[in-house]
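Asker: model the structure of this input:
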Amino acid sequence: MPISLEESFAQLTDGIIARAGDLNQSQHLLQRFLEKHPDVLSTRFRTTYLQENLAELIHELIRTCCISEDNIELLADIVKNNQELNSAYRQHLKRIVDKPGGLAFANKNTEAVIAHIAKNIGRTWSFFGRQVGLPDAEMDEIQDEISDATERIEKIFGWAAVNIPQMELEKLIIRSLGASGRKDLSEEVTRIFDR
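Answerer: A predicted model of the protein is given here:
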């Protein structure tokens, strides 16, 4: 029986906390983490944990619900240089994508973008999917199994959320729309993301 979303999240965070126990890596990861996420980490967090270790910071972020089963983007930087943790992270993200209503995006307007693209993209959806980077097998599966435009675009975004860093996702979507011959949609989506 497959493990639950909560269990996979616990395994992932346990792995990160174990890695953070290595003091040499911990300080470097902690510094990078604090620099990259000033919006989430208040002055109290920065002053309390700057001289401490990453494991304690992760525990506190989980305790205060800054990082949860459904919102783990903050952990992306920590796992990216460790193959085993990166694999666990991607697997966990896949579980979120597969969970109904489970995708969490960095931009609050992403749902509106998905709806706008689905409503306006028409037959060029497959060019868009290929420009985003979906493998042929994924594209074939979407084409064969999904006829609803919104579901198709959600699948494309779901794949991108798992395979593309959140910070690059918006630019990739906008670029991919333009590259698939929909400069009009690219400009409209840029405005929606910026609202």
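
Asker: where does the prediction get shaky in the chain?
Answerer: Applying pLDDT under 70 to the chain picks out residues 1-2, 20-26, 38-53, 65, 70-71, 94-107, 166.

Asker: nearest spatial neighbour of residue 172, chain-adjacent residues omitted?
Answerer: Leaving aside its sequence neighbours, residue 172 sits nearest to residue 164 (CB to CB, 6 or more residues apart in numbering; 5.7 Å). C-beta: built from backbone N, CA, C; applies to glycine.

Asker: gap between the helix or strand hosting residue 160 and the chain center?
Answerer: Residue 160 belongs to helix 149-163 when elements are defined using DSSP states H and E. Relative to its chain's centre, helix 149-163 lies at 12 Å (CA atoms, centre = their mean, to the nearest Å).

Asker: what's the following helix or strand past it packed up against?
Answerer: Per DSSP H and E, helix 149-163 leads on to helix 166-179 as the next helix or strand towards the C-terminus. On a contact count with 3 or more CB pairs under 8 Å, 6 or more residues apart in numbering; DSSP states H and E, helix 166-179 meets helix 125-132, helix 149-163, helix 183-194.

Asker: if we can go back for a sec, what sits against the residue nearest to residue 172?
Answerer: The contact partners of residue 164, taken as CB atoms under 8 Å, 6 or more residues apart in numbering, are 132, 133, 172.

Asker: the first one contacts residue 173, correct?
Answerer: Yes - taking CB atoms under 8 Å as the contact criterion, residue 132 and residue 173 are neighbours in contact, 7.1 Å apart.

Asker: what's the local residue count around the residue nearest to residue 74 when sequence neighbours are not counted?
Answerer: Spatial nearest neighbour of residue 74, chain neighbours left out: residue 67 (5.3 Å); criterion: CB to CB, 6+ apart. By other CB atoms under 10 Å, the residues close to residue 67 number 22.

Asker: so who does the nearest residue to residue 153 once chain neighbours are set aside touch?
Answerer: Leaving aside its chain neighbours, residue 153 sits nearest to residue 118 (4.4 Å; criterion: CB to CB, 6+ apart). Counting by CB under 8 Å, 6+ apart, residue 118 touches 149, 150, 152, 153, 154.
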